[in-house]
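Visitor: Okay, predicted coordinates and the sequence, questions at the end:
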Amino acid sequence: MTQTQILVAGKDAINNILLAQAINQNKNRNAVVADSAEMAIEKFHLSKYDVVVISNDMNEEEVQKLKMIFLLQDKDTIIVEAEEVAEINSKITRAISLYNNLHKNYNLNDNAFAGMHYSE
């Protein structure tokens, strides 16, 4: 199983480290930290991230800017706004689950001849 790649973006370096440490407690996740909106955009351009966690210390303008840029670059990016370090893993899990439920692939087997018997 591959790890879920997560970018943590925020201004407070200590809070970012705490978020990343909490996220990395789950062995299936790998968090990378960006200490500014510009650094987050640069890291997002250089690597593929499944989830972006935006810390609550970013102002509304920066949050909207990041969301717009990330979703324009990759519409499948899951964006989570972080409020509490203690709840970040459950919030990420819920966001991934919601995304997966909304993007389920369905296979339909449409066979108009099923059940028909042909004999000469």
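Guide: Arrived safely, thanks for sending. Numbers count the residues shown, from 1 in each chain.
Visitor: Can you list the buried residues in stretch 64-78?
Guide: Buried positions in stretch 64-78, judged by neighbour count with 16 or more other CB atoms under 10 Å: 65-66, 69-70, 77-78. Bear in mind the C-beta positions are built from the backbone N, C-alpha and C, glycine included.
Visitor: Can you show me the strands along this protein?
Guide: 4-9, 29-34, 51-55, 78-82 (DSSP state E).
Visitor: Any chance of TSV for those, columns distance to residue 94 and mean pLDDT?
Guide: Converted to TSV, those look like this (distance: least, CB to CB, whole Å; pLDDT from 0 to 100):
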stretch	distance to residue 94	mean pLDDT
strand 4-9	14	96
strand 29-34	14	97
strand 51-55	11	96
strand 78-82	9	94
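Visitor: and those as a markdown table, adding distance to residue 99?
Guide: Shown next, in a markdown table, are the strands of the chain (distance: least, CB to CB, whole Å):
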| stretch | distance to residue 99 |
| --- | --- |
| strand 4-9 | 11 |
| strand 29-34 | 15 |
| strand 51-55 | 9 |
| strand 78-82 | 5 |
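Visitor: The worst-scoring helix or strand of the chain on mean pLDDT packs against which elements?
Guide: Ranking every helix and strand in the chain by mean pLDDT, DSSP states H and E puts helix 88-102 at the bottom, with a mean of 91. Helix 88-102 sits against strand 4-9, helix 13-24, strand 51-55, strand 78-82, with contacts defined as 3 or more CB pairs under 8 Å, 6 or more residues apart in numbering; DSSP states H and E.
Visitor: Centre of the chain to the last one, how far?
Guide: With CA atoms, centre = their mean, to the nearest Å as the basis, the distance from the averaged C-alpha position of strand 78-82 to the chain average is 7 Å.
Visitor: Paired strands for it, with orientation please.
Guide: Strands that pair with strand 78-82, judged by DSSP bridges, come out as strand 51-55 (parallel).
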